[in-house]
Each structure stands twice: as C-alpha cells, then as structure tokens.
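Chemist: Using only what follows, build the 3D model:
(chains A and B)
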Amino acid sequence: MLKDKRIRIVIGHYGSGKSEFSVNYAVKLAEMGRKVALADLDIVNMYFRSREKAKEMEELGVKVIASHINTPAVEVPSIAAEVYAPLQDNSYDFVIDVGGDQVGARALGRYVDYFKDGEYDMFFVLNANRPETQSVDKVLEYMIKIQDVSRARISGIVNNTHLLKATSVEDILRGQKLALEVQDKTGIPLRYISVLEDLIPDLPKDLEGEILPIKLFLRDEWML
Amino acid sequence: MAKVLMKGNEAIGAAAIQAGCKYFFGYPITPQSELPEYMARELPKVGGVFLQAESEIAAINMVYGAAGAGARVMTSSSSPGISLKQEGISYIAGAELPCLIVNIMRGGPGLGSIQPSQTDYFQATRGGGNGDYRLVVYAPANIQEMVDLIIEGFDVADQYRNPVMILGDGMIGQMMEPVEFKPPKRREIPEKDWATTGTGGKRKPNIINSLYIAAEDLEAHNIKLQAKYKKIKENEVRVESYNIEDADVVISAYGTTARIAKTAIAKLESEGYKVGLIRPITLWPYPYDEFKKINPNCKGILTVEMNTGQMVDDVKIAVEGKFPVHFYGRTGGMVPTPEAIIENVKKICGGEI
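Modeler: Below you'll find the predicted structure:
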C-alpha cells in the first residue's frame, strides 16, 4: 500500500464499491502515519457518497474534500477547487473517489495534467456480484469505456466482490477468478482484494493481491 | 438464478421486465432516476419501449393509453412528480385499468428535498386524485421484498383491473442489497377482453372511459368499484408481525422505518423489554385486524414514520381506543435512529408518555 503511487484514483462500474474501498484505503493509510486527503468527485449519485462520512474520516486523520457547497444532498455537480491542493502538494497521499461508470469518470477531466505516467495509480474496482460485471467481456467493456473518459491508465484491479453483510468466501473467490481472468487478458495486475474483516481468517492464504480489510463505513447498523 | 447485488431502483426495473412489463413512460426525478435510466437501456432489448415524456402528466396519460390497449405498463416518479400524476391515476382507477406506479418518496411538501421520506402515505392510501377510488399500495421494507411485490403487483393489477402502487422511500431506491428473481405464486388472471385492440370486425368496439353522463350510471359504476375494493380487502391484506401477543409495547412501522424498528426491538429484547412489531406490507388494504391480536395488557403502540404522523391515523382506527397510540417520526429527509426509537419505547414502558 505504501508502495502505491502518491495519487490513487479509484474508478469502476456504478455500485461496485468504490467509495467503501476508497474510505477504507484512506483510513488505513492515515493509520500508517501518512498525511492523507480523500476527494469525493462523485457528481452522479446523491446517496451513499464518501462525503457523508467526512466527520468520521477527519477524526481518523483523513482530510476530506467534496463540493464547496457544504450540504450532502445538493444536486449540483460542483467540486471544490481545493482538490488542486493535494494534487500539487507532494506531502499528501491522495485518494480520489470517482463517481460510477464513464459518466462519473468525466469529473476527472480537468485534472488530467496532474496524471503523469509513473506518478499515479488508477484502481478499477470490480464486484463480480453486480449483474453488469459478471463476465470478462463485460468487465473489459467497462474498463475501456471508463479509462477512455478518464484519460488516465488503469494500473490495478481491485477484487471487491461482495454481498454486503451476507458475503461469503465463495463470493470473494468467484470474484478473484474473474479478476485473474481480466488480469490475464489485459496484463493489468490484480492489486487488492477487499474483504470484510471477519471473513479474512477463512480465506485461503496464497491469494494473489494484497488483502484490504474492510469496515462498512457507509452502511448504518440496520442495513444489510 | 444466483443472488446479485443491485441498487433498489435498478432492481425495480429488472423485476418489472421479469414480470413482462414492456412499456415505461416517465420523467426523471431524484431519487428514482436510475429506474428510467435502467429502463431506457434494458426495455429495447426485450422488444419494449421506454419513452421519456415531456412531463409527468404526459407520462401517466401514456400509461392510461397503453393500459387501455391491454399492455403491461408502468411509470415511476418521486413525490412531487407523483402529485402531478394524480389526475391520470384517478382516470385510470375510474376506467379500471391495470398498471404499476412506483413512488420513491422524498421530503416534502412542494419540491422538498431529495432525501428519503414517507410523507406520501395520505396521498397513496386516501387518494391523491378525485373520486372514490383506491390503489393497492405495497410498502416493501427491503429490495428483495420490493422485487417480489413488483412481480406479483402486475398480476394483482391485472386480476382486479386496478392500479397498483409501490411506495418506497429514497433510501430503498438508492440502497444496494442482494436480490434474486423468483416467479410469483400463480393467480387467476382474466382475459383482457375489455382492451382496445381492434374489433377485427367481430365485436363492438371497446371503450376506455371514466366519464358517465347519467347520475344513475355513475352511481352504479361506483357501487361496482366498491364491490371490487371489498374483495381486495378480503383477499390482499399483507402484514408481518411478531411478539405482539405478549408485548408491553408494539411498534408499528412500514418500509425502511420498519427495519430500523426491528434493530431497535432486537436491542430492547436483549435488555429484557417485550416489544412487538406490526409491519403493514399493504398500506391499502390496511391490516386492521392484526392489531386485534395484541396483548390486552399492552401499554401502548408506538408508530414510527419518516413524516409527522400519517399512518398513525390508521393505527388509531385499528386499535379502537383500546391502547394509547404514540408517534415518533423524523422528517425533511432525516432518518430515525434505532436509539431514538428505543428511547421512546422506554418512555412508554416507564409511563412517561
């Protein structure tokens, strides 16, 4: 994780779990003593965005940047100019949580000058339990579409296959198989497996990719 | 089919297509816009038509037309958009046409907010349009149940020739949950021999209409409608309840709020409190009879809603004055917490309210 590039862009299909991955990844970096900022660039979706947990993240040492309109439910595609600060300030580890699909990736366009080869990672979050991303061909279709709009290059795949609190080891392994097939086809490495904390002991030990333990920040206790 | 992870709004679309819905007419509004988006992408693949109307009023009248021609058709919107559709809904009910209407409620009144609410209970159950009509109103509490009710709801609409409404809140529309698609229980669905499909020169034209010039005719039509509603009340009430026979307090809540209530009840149980739940799944017809099973020594009923107290009226009708009826609600897009519900239950148990 510490070896990842300073700027990490998190993209993926709508509802693949980008925000939950981004929040957990950023919090983990902060726990490791890094100076971390997270930008929520989601201008597609109005519910379940990482900015809803800004307070919790700030308490854990993550600086959160979203809209300059400080109301979570405002339907204005506005992004704070402050996003430029961690792009320019090398002392930050920067996680950019992008909105879903190619539509959401469009918000990256204005920062394209900062995405120089070798200076950023772009992670594609994959959930094999989403109906739209269950085959290699469909995953590739999304990867290409989103990458084209983002004008940056995907450098890693995240196996984020889950059914929320009902996730089983089988779900994760099914996603792992799909992610490895995508890796074979594209040469883009499977970098992370995000897994609910209590499932980690049940996983096989030799899985490819680094395991990121996930705490569900965005789900209230009464939700599945 | 294995379980997949879907967002509520997407799952509504998938369920409708599974149920054989071929036509969707609507106009986008948050927090349900993923549904028209899904239909725009998926309906053409099954030979159906998605059409974004110029307004909600146009959309509901397109539904009126398609339903009149015997098609499986639906529309969806969120609170202010559903208000705009009321005239058409009343016409559809008057003309006895089957269709499915989805309301993913947001805060009101007026434009309100895009955050979740349950403020359209009155509108859905008392008729937002004019005239003595009823909708069958389902209030699913999770995405699986919503999918099941949509698939069955189309059949219910056909069986009774009546519009069916799915009443969800923004949370259930936006939330992701595991879901699988199962065939509904079989129902006797009559032939649509009333539909305007062309006479073929073999019969008199069918006419779809809600206008009756003669008072006697309109009264007869209304009596016929009421007989139908009576049948629906006898056959279609749906409710989930537990722990009510020996409860000290019974919570009544529907939809998302009922799930929060369940979390609260589980916590209260672990502290030794005896709390039951009555969760209406049909808001009309309302499960009044379920309240007759409540422990006669129950200290009170707590109704929890994301509004300022609408279903609470039905709860009062149901308990016939036997128990005090209390209310706790949040509004404007605020969602109740299990802790706040627990606090209210404890107050009732302690005789504080």
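Chemist: ok, which stretches of the stretch 51-200 of chain B are strands?
Modeler: B:73-77, B:99-105, B:136-138, B:163-169, B:176-179 (DSSP state E, counting those that start in this stretch).
Chemist: Show me what stretch B:143-152 is in contact with.
Modeler: The contact list for stretch B:143-152 (C-beta atoms under 8 Å, 6 or more residues apart in numbering or on different chains) reads B:6, B:8, B:11-12, B:14-16, B:18-19, B:100, B:102, B:138, B:140, B:166, B:168, B:172, B:175-185, B:187, B:281. Yep, even glycine has a C-beta here, placed from its N, CA and C like the rest.
Chemist: Just the buried ones from those?
Modeler: By the neighbour-count criterion of 16 or more other C-beta atoms under 10 Å in any protein chain shown, the contacts of stretch B:143-152 include these buried positions: B:6, B:8, B:11-12, B:14-16, B:18-19, B:100, B:102, B:138, B:140, B:166, B:168, B:172, B:175-179, B:181, B:184, B:281.
Chemist: Run through the bridge partners of the closest residue to B:Asn142 other than its chain neighbours.
Modeler: Spatially, and ignoring its direct neighbours in sequence, B:Asn142 is nearest to B:Glu177 (6.1 Å; C-beta to C-beta, 6 or more residues apart in numbering or on different chains). Beta-bridge pairing for B:Glu177 (DSSP bridges): B:Met6.
Chemist: A:Val62 now?
Modeler: Bridge pairing for A:Val62 - DSSP bridges - gives A:Val36.
Chemist: what number of residues lie near it?
Modeler: A:Val62 is flanked by 27 other residues according to other C-beta atoms under 10 Å in any protein chain shown.
Chemist: Please name the residues that touch it.
Modeler: Counted by C-beta under 8 Å, 6+ apart, A:Val62 has contacts A:26-27, A:29-30, A:36-38.
Chemist: Give me the three-state assignment for the residue of the stretch 201-350 of chain B found nearest chain A.
Modeler: Nearest residue of the stretch 201-350 of chain B to chain A (C-beta to the nearest C-beta) works out as B:Thr263 at 4.0 Å. Using DSSP: H, G, I helix; E, B strand; the rest coil, the structure places B:Thr263 in helix.
Chemist: Could you point out which residue ranges in chain B have low pLDDT?
Modeler: By pLDDT under 70, the low-scoring segments of chain B are B:1.
Chemist: Near chain A, which residues of it are found?
Modeler: Residues of chain B found near chain A (C-beta under 8 Å from any C-beta of the partner chain) are B:3-7, B:10, B:14, B:30-31, B:113-115, B:142, B:170-171, B:174-178, B:259-260, B:262-263, B:333, B:335, B:338.
Chemist: Just the buried ones among those residues, please.
Modeler: Here, 16+ other C-beta under 10 Å leaves B:4-7, B:10, B:14, B:30-31, B:113-115, B:142, B:170-171, B:174-178, B:259-260, B:262-263, B:333, B:335, B:338 buried among these.
Chemist: In the stretch 101-250 of chain B, which residue sits closest to chain A?
Modeler: Counting by C-beta to the nearest C-beta, the stretch 101-250 of chain B gets nearest chain A through B:Gln174, at 3.6 Å.
Chemist: ok, residue 140 - contacts?
Modeler: No chain specified, so I'll use chain A. A:182, A:185-186.
Chemist: hm, I was asking about chain B
Modeler: B:146, B:148-149, B:166, B:168, B:172, B:255, B:281.
Chemist: One more: B:Tyr286?
Modeler: Neighbour list for B:Tyr286: B:125, B:237, B:280, B:314, B:317-318 [criterion: C-beta under 8 Å, 6+ apart].
Chemist: Looking at those residues, which one is closest to A:Lys55?
Modeler: B:Pro280 (35.3 Å; C-beta to C-beta).
Chemist: I'd like to know which elements the longest helix along chain A is packed against.
Modeler: Selection of the longest helix in chain A by residue count, based on DSSP state H, yields helix A:169-186. Contact analysis of helix A:169-186 by 3 or more C-beta pairs under 8 Å, 6 or more residues apart in numbering or on different chains; DSSP states H and E lists strand A:120-126, helix A:136-150, strand A:156-159, strand A:190-196 as its packing neighbours.
Chemist: Which parts of chain B are helices?
Modeler: Under DSSP H, chain B gives helices at B:8-18, B:34-42, B:56-68, B:79-84, B:86-94, B:121-126, B:143-160, B:170-174, B:215-235, B:255-270, B:312-319, B:338-349.
Chemist: Could you say which of the ones you listed is packed most deeply?
Modeler: helix B:170-174 (a mean of 28; mean count of other C-beta atoms under 10 Å in any protein chain shown).
Chemist: What lies in contact with that helix?
Modeler: A:45-48, B:7-9, B:12, B:31-32, B:34-35, B:78, B:104-106, B:114-117, B:140-143, B:146, B:255-256, B:333, B:335.
Chemist: CA atoms of it as PDB?
Modeler: Only the C-alpha atoms of helix B:170-174 are listed here, as PDB (Å, rounded to 0.1, in the frame of the first residue of the first chain):
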ATOM      1  CA  GLY B 170     -35.400   7.300  -1.300                       C
ATOM      2  CA  MET B 171     -33.400   5.000   0.900                       C
ATOM      3  CA  ILE B 172     -34.800   1.800  -0.600                       C
ATOM      4  CA  GLY B 173     -34.400   3.300  -4.100                       C
ATOM      5  CA  GLN B 174     -30.800   4.200  -3.500                       C
END
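Chemist: correct me, but B:Val136 touches B:Ile232?
Modeler: Yes. Here B:Val136 lies in contact with B:Ile232, judged by C-beta atoms under 8 Å, at a distance of 6.2 Å.
Chemist: circling back: the residue nearest to B:Asn142 and B:Lys3 touch, don't they?
Modeler: No. At 9.5 Å, B:Glu177 does not count as touching B:Lys3 under the criterion of C-beta under 8 Å.
Chemist: returning to that earlier point: how about JSON lines for the helices and strands packed on helix A:169-186, with mean pLDDT added?
Modeler: Listed next are these as JSON lines, based on pLDDT from 0 to 100:
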{"stretch": "strand A:120-126", "mean pLDDT": "98"}
{"stretch": "helix A:136-150", "mean pLDDT": "97"}
{"stretch": "strand A:156-159", "mean pLDDT": "98"}
{"stretch": "strand A:190-196", "mean pLDDT": "97"}
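Chemist: Please identify the most buried of those.
Modeler: Among the helices and strands packed on helix A:169-186, strand A:156-159 has the highest mean neighbour count (mean count of other C-beta under 10 Å), at a mean of 26.
Chemist: That one packs against which elements?
Modeler: By 3+ C-beta pairs under 8 Å, 6+ apart, strand A:156-159 packs against strand A:120-126, helix A:169-186, strand A:190-196.
Chemist: near chain B, which residues of chain A?
Modeler: Counting by C-beta under 8 Å from any C-beta, chain A sits next to chain B at A:14-15, A:45-48, A:73, A:75, A:127, A:129-131, A:134, A:162-164, A:166, A:220-224.
Chemist: Appreciated, that's everything.
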